[in-house]
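# predicted model and sequence below, questions to follow.
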Amino acid sequence: MSFIKVLIILILIPIFGYSVSEWALWDINKFMAEEDIPLYQFCSSELSSISREWQELCNEVLPILQMKIASIISAVVAIILLLLFTAVSKFSGKDRDRIAKTFPLLIFITLITLSTLVLVQGGILTYGVYIAEVYAFEMFHPVVIGLVGLSALIGAVTLILSSFKLMKKQTHSVMGIKLSNSEHPKLFSLIDDVATTLGAVAPNNVVVGLEPNFYVTSANVKILGESKVLKGETLYMSLPLARILTIDEIKGIIGHELGHFRGKDTHYSLKFSPIYSGLSHAITSIGNEENDGGSIATLPAYVVLSYILDVFHKNISEINRDREFEADKAASEVAPSSALSSSLLKIGLYSSFWSKLEEKVITRLMEGKVTKNLSQLFLSSVNYDVNKESIPKVIKQISSQTISHPTDSHPPTSSRISKLGVNIDDINDDLLTAPDNSCIELIDNPKAVEEELTTLQLHYYIALGIDIPEESNQNYVATALAAFGAHMVIADGKIEPEEIEETESIGVSLSEDFDHIEFREFCHHPETLPLMDDLLEVYAEMPKDGKEIIFNFLEKIASSDNDISTEEKDLLDKVKLSFKI
C-alpha cells in the first residue's frame with residue numbers, strides 16, 4: 001500500500017469527526033444567530049450567569065468542540081508518526097547496524113502512539129456516529145455505537161500489550177528433546193570445534209526434534225510438555241534429516257547457523273530479528289480482531305503496522321540475502337563448499353516427505369496403530385521411495401526454491417550454491433542419497449531418542465483431537481504378509497531396495513490393507529517381529545492354495561535382487577517343509 005493511501009486511512013476518522021462537529025456546530029450556530037450572540041463567546045462566559053436551559057445547550061456544545069479539537073490533534077499526530085517512520089526508514093536504508101538500533105525503538109514508539117490513536121479515534125468515531133444520527137435523524141443505535149467503542153478499546157489494549165511484549169524476548173515453542181554434553185559428547189565436540197573455528201559463541205542449548213529443519217534462535221525456547229524455558233542461543237537439529245546427511249554436511253549446516261552469531265551480524269540477529277518477528281505477531285493479533293468482528297477504529301493501526309512491515313521488508317530483503325551468503329561463507333570455513341551445497345539440495349529434495357509421512361502416521365493412529373520410529377521411516381522413504389533417475393529433474397525444480405526458516409527468508413538454493421563456487425550440474429547424484437554412515441552417529445543411542453520423540457509426536461497428535469478407537473482395526477492377513485515379507489527381507493542381514501519394492505508391490509496386490517509402515521517397522525525393528533516358527537504354527541491349518549500364495553510371495557522377494565542368499569534359501573526351505581508344499 002502506498003504512503004498516500006496509508007495517510008488517507010490514518011486521517012479518515014479525524015476528518016469524519018471534524019466534519020461532524022463542524023456540521024453540528026453550524027446547526028447550533030444557526031439557532032444562536034437569532035440571539036445575535038456568537039456561540040463560542042456565549043458558552044465561554046460564566047455558566048452560572050445564564051439560565052439552566054442555556055447551560056444544558058452549552059454542556060451539549062462543549063463535547064462537540066472537544067471532538068473537533070481531538071480530531072485535529074489526532075490527525076496531526078498521525079501525520080507526524082507516518083513522516084517519522086518514513087524518515088527513519090530512509091535513514092536506516094540497508095544498513096543492518098542502523099536498522100538494529102532504530103527499528104526496535106521505532107516500533108515501540110509506534111505501537112504506544114497507535115494504541116493512543118486507536119483509543120482517541122475510537123472515541124471520535126463513537127461520539128461522531130452518535131452526533132450524526134441524533135442531528136440527522138433524531139435517533140441513535142446504542143448497540144452499534146457501543147460495539148464500535150468496545151472494539152476501539154480492545155484494539156488499543158491489544159496494541160499496548162503487543163508493545164510491551166516486544167520489549168521482552170520472544171518465546172519459540174518446539175517439539176523436541178534437549179540433549180546434554182555428558183550423554184552426547186561427539187555431537188557437542190563437533191559443535192564446539194565449529195564455533196571455535198568461526199570465532200562464534202557455541203549455542204547454550206541443543207534441541208533435537210522431528211521437524212525437517214535446522215536453525216539457531218536467540219529467542220527463549222519452550223519445549224512442549226516441559227515447564228522450564230531455555231534461554232540464550234538454542235540450536236535446533238532435525239533427526240530425520242540427520243539420518244540422510246554426512247558429517248561434513250552437518251558441519252556445514254551448523255557452521256552456517258553459527259555464522260549468524262559472529263561479527264557485525266550478531267547485533268542484528270539478537271536485536272532486529274526478534275522485534276521483526278514480534279511485529280508480525282502484533283499485526284496478526286489485530287488482523288484476527290478485524291476478521292472476528294471488524295472494527296473501523298482498529299483498521300488504521302492494522303494498515304500502518306502492515307505498511308511499516310512491508311517497507312522494512314523491502315529494506316531488509318537485500319540484507320537477508322547478504323546475511324545468508326555471509327553465513328554460507330562461514331560454513332565453507334568449516335566444511336567443503338560441496339558438502340554444504342549437497343546438504344541444501346538434500347533438504348530441498350526430501351523435506352516434503354515429512355508431511356506425507358505425518359499424514360500416513362495420523363491415519364494409522366486413527367486406526368489404533370502405533371508407530372515406533374518416525375525418523376527411521378523418513379530414512380526408508382528416502383531410500384526406497386525415490387526414483388533415482390528423476391533426481392536431476394527434481395533438482396532443477398528445487399534449485400529455484402528457498403529453504404524455510406523460522407525467522408529469515410533465504411535466497412534461492414541455486415544462488416547460494418553458485419556463490420559457494422560450486423556448479424550445481426557438477427554435483428554427483430549419488431551424493432544426494434542417504435549415506436551409509438550418516439551424522440546420526442554423533443548422537444549416542446539415536447534410536448532411543450528417536451523413539452521417545454515419536455511417542456511425544458503421537459501424544460501431540462492425540463492432544464490436537466485425533467480419536468483413537470478402543471480396539472485396533474487390524475487386518476490380520478495384511479499383518480501376516482508384512483511379517484512374512486519382513487522375515488525374508490532381513491534374512492541375509494541386508495535390506496535391499498529391490499526387496500522392499502517387491503514386497504510392497506505384491507503385498508498390496510494380495511491385500512488392499514497391506515500396511516507399508518507396519519512392514520517397514522518390522523524390517524527396522526526385528527525385535528517386534530513375530531517369530532517365524534510362531535507364524536508357521538499359526539498358519540499351519542491354512543488351505544493349501546493360501547500356503548502356496550505365501551511361499552510364492554517369499555520366493556519372489558528373495559529373487560527380486562537376482563541373488564538368493566543361503567539364508568534366504570534356508571528360510572524358503574523351512575516354509576516349504578512346514579507348509580508341506
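Perfect, thanks for sending it.

# how close does S21 sit to S71?
Distance of S21 to S71, given as C-beta to C-beta, to the nearest Å: 7 Å. To be clear about C-beta, it is placed using only N, CA and C from the backbone, and glycine gets the same treatment.

# can you give me the domain boundaries for the chain?
3-168, 170-270+317-469, 476-579 (automatic domain parsing).

# pLDDT on stretch 97-111, on average?
Mean per-residue pLDDT for stretch 97-111: 77.

# what helices or strands is the one helix or strand D322 maps to leaning on?
Under the criterion of DSSP states H and E, D322 resides in helix 299-331. Applying 3 or more C-beta pairs under 8 Å, 6 or more residues apart in numbering; DSSP states H and E, one finds that helix 299-331 contacts helix 3-33, helix 52-92, helix 96-137, helix 247-259, helix 265-267, helix 273-292, helix 413-419.

# if we go to 7 Å?
Here helix 299-331 touches helix 3-33, helix 52-92, helix 96-137, helix 247-259, helix 273-292, helix 413-419, going by 3 or more C-beta pairs under 7 Å, 6 or more residues apart in numbering; DSSP states H and E.

# now it against helix 3-33, angle please.
Angle of helix 299-331 versus helix 3-33, following axes from the mean of the first three to the mean of the last three C-alpha atoms, to 10 degrees, is 160 degrees.

# C-terminal to helix 299-331, what's the next element?
helix 337-350.

# in terms of secondary structure, what does that next one contact?
helix 247-259, helix 391-398, helix 413-419.

# helices or strands up against the first one?
Using 3+ C-beta pairs under 7 Å, 6+ apart as the contact criterion, the neighbours of helix 247-259 among helices and strands are helix 185-198, strand 215-217, helix 299-331, helix 337-350.

# pretty sure A491 sits against E568.
Yes: with contact defined as C-beta atoms under 7 Å, A491 reaches E568; the gap is 4.9 Å.

# and for F312, the neighbour number?
Using other C-beta atoms under 10 Å, F312 has 21 neighbouring residues.

# and among the helices and strands packed on helix 299-331, the most buried is which?
Among the helices and strands packed on helix 299-331, helix 247-259 has the highest mean neighbour count (mean count of other C-beta atoms under 10 Å), at a mean of 25.

# circling back: out of the helices and strands packed on helix 337-350, nearest to L453?
helix 247-259 (17.7 Å; C-beta to C-beta).

# what's the angle from the closest one to helix 299-331?
Using the same axes, to 10 degrees: helix 247-259 against helix 299-331 is 130 degrees.

# pLDDT on helix 247-259, on average?
Rounded mean pLDDT across helix 247-259 is 94.

# what about the nearest residue to A434 once chain neighbours are set aside, is that helix, strand or coil?
The shortest distance from A434 to any non-neighbouring residue, by C-beta to C-beta, 6 or more residues apart in numbering, is to I244 (4.3 Å). Here I244 takes the coil state, with states given by DSSP: H, G, I helix; E, B strand; the rest coil.

# distance-wise, check I244 relative to S238.
Separation of I244 from S238 (C-beta to C-beta): 10 Å.
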